[in-house]
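Asks: Any chance you could fold what I've pasted below:
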Amino acid sequence: MDTIQVVQVYHHDPCDKGKGGVVRYINNILKYMPRKGIKVTLFGVDTGKCQENELDTLKISFVPIIKSSATWWRYLIKLTFRLPFMRIPKESVIHVHRIEYVLPFIISKRKNPVVLTLHGERLATAKVKYQKAFPLIEAIYRILEYFIFKRANVIVAVSNKVKESFENVHKNISDKIIVLPVGVDMDEFKPLDKDYLRQKYDIGEETKVLLFAGVLEERKNIGLLIRAFRYVQERYPDSILLIVGDGPLRSSLEKLVEELKIKSKVWFLGEVSREQLPESYNLADVFALPSLSEGSPTVVREALACGIPVVSTDVGDVKEIITDPLLGTVVNTYTDERVFAEALIETIENIDKNNEEIKKRCRDIARKYSFENVVEKYVEIYHKLRSGEQR
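Replies: Sure, this is the predicted structure:
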């Protein structure tokens, strides 16, 4: 059988191991697909992070569409103008990871089959950031999505909520959209020596540690977690909250911490390296996700893979994963910090009673979402497209 060639399309530098669930998703695809015999080319962004021979180690081909860090829309414009002049074998599968990036393939390269992965609920960010202009944005996207979905051969949603958010508007995509949850690299995210890490970072062995990891933006609703932590502090005065990540809201969140007089107990760690992230999870007793919306949050699976239970708002597919108290709690509020705090405290108390059982249960559930399994599903899709079964 001929080797399947797949072009991954996203504004990403393959040597960037940085932040964001979609970035980690792409990195895992670049890691695992060559192991399955897939010839991978990334149409990405060259930010100058690749060292000599690093791409050879990844075993992929890299075509930089634009140089230096770029916004998604600059990447889209450059891709649109460059694509007609690029040679792509007609049997190659195009795998797109942002809905707008299908548009250039409507204009040219129309013979190539297209897989579109939807990483978040429909227009979730626009609903939060552009409330006044949202009706106009929604009307424009409704038209664009009609043509985009018509061009895509297979649409992959990372959760049932994501799938439903698009199906509710576009009824005609039901026969081509499937759900394939986000996966986690089980080799990278695993339990580590907590006592050693606590000594390394000068955190007391008995200190209760809560962790958030992600971009500090409105959609992540981190203010809810900080306000809830104030009540956790009343129960556990030595507890601390670690906030891993950076973003536009950092200064306002730091100001909130000062106003609540808990500055010494909330540690803003900024962005950490890919290598340090598993250590961050393993420092924690509980991972907290207070988001307003998510697709299929990678951080939940990463925390579980490290044996850490999760307290989360009801976003994405979290409720399908956190199904018993050993795994954590899903709260039905986005605004009530007391309810969120109670869930955090209950989870901490549960850890004190069932620590080893919780670690095992978390790890067992995470194993169901191994990224190797995700890639195997994609390989099946690619084979069917090549054979004409899903054209």
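
Asks: Look up how far Glu356 lies from the closest residue to Thr80 other than its chain neighbours.
Replies: Excluding the flanking residues, the one nearest Thr80 by CB to CB, 6 or more residues apart in numbering is Pro104, at 4.4 Å. Quick note: C-beta positions are derived from backbone N, CA and C, even for glycine. Going from Pro104 to Glu356 by CB to CB, to the nearest Å gives 52 Å.

Asks: out of those two, which sits in the busier spot?
Replies: Per other CB atoms under 10 Å, whichever of Pro104 and Glu356 has more neighbours is Pro104, with 24 against 8.

Asks: what helix or strand is that one on?
Replies: Per DSSP states H and E, Pro104 falls inside helix 103-107.

Asks: Any chance you could list what contacts that helix?
Replies: Applying CB atoms under 8 Å, 6 or more residues apart in numbering, the set of residues contacting helix 103-107 from outside is 76, 79-80, 83-84, 94, 96, 112, 114, 144, 147-148, 151.

Asks: run the last query once more with 10 Å
Replies: Helix 103-107 is contacted by residues 7, 9, 43, 65, 76-84, 86, 88, 94, 96, 111-114, 116, 144, 147-148, 150-152 when judged by CB atoms under 10 Å, 6 or more residues apart in numbering.

Asks: try stretch 248-258
Replies: 215-220, 222-223, 225-227, 229-230, 241, 243, 247, 262-268, 270.

Asks: Counting neighbours, which of these end up buried?
Replies: Taking 16 or more other CB atoms under 10 Å as the criterion, what is buried in the contacts of stretch 248-258 is 215-217, 219-220, 222-223, 225-227, 229-230, 241, 243, 262, 265-268.

Asks: out of those, which are inside helices?
Replies: 222-223, 225-227, 229-230 (DSSP state H).

Asks: Among those, which one lies nearest to His383?
Replies: Lowest distance from His383 to those (CB to CB) belongs to Ile222, with 42.1 Å.

Asks: you'd agree that closest one is up against Leu210?
Replies: No: using CB atoms under 10 Å, Ile222 makes no contact with Leu210, being 11.8 Å away.

Asks: Overlap in contacts, those two.
Replies: Common contacts of Ile222 and Leu210, defined by CB under 10 Å, 6+ apart, comprise 241, 243, 288.

Asks: In TSV, list those along with distance to Ile26.
Replies: Shown next, in TSV, are these (distance: CB to CB, whole Å):
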residue	distance to Ile26
Leu241	29
Ile243	24
Ala288	25
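
Asks: Now tabulate those in JSON lines and tack on pLDDT and distance to Val315.
Replies: Formatted as JSON lines, the shared contacts of Ile222 and Leu210 follow (pLDDT from 0 to 100; distance: CB to CB, whole Å):
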{"residue": "Leu241", "pLDDT": "98", "distance to Val315": "20"}
{"residue": "Ile243", "pLDDT": "98", "distance to Val315": "18"}
{"residue": "Ala288", "pLDDT": "98", "distance to Val315": "12"}
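
Asks: Between these, which sits nearest Ile308?
Replies: Proximity of these to Ile308 was ranked by CB to CB; the top entry is Ala288 with 10.3 Å.

Asks: Now the closest one: which helix or strand?
Replies: Applying DSSP H and E as the criterion places Ala288 in strand 286-289.

Asks: which other helices and strands contact that strand?
Replies: strand 209-213, helix 222-235, strand 240-244, helix 298-305, strand 310-313, strand 328-331, helix 337-367 (3 or more CB pairs under 10 Å, 6 or more residues apart in numbering; DSSP states H and E).

Asks: Quick one: closest of the ones you listed to Arg198.
Replies: Closest approach to Arg198 among those (CB to CB): strand 209-213, 8.3 Å.

Asks: which residues of the stretch 51-200 of the chain score low on pLDDT?
Replies: 52, 69 (pLDDT under 70).
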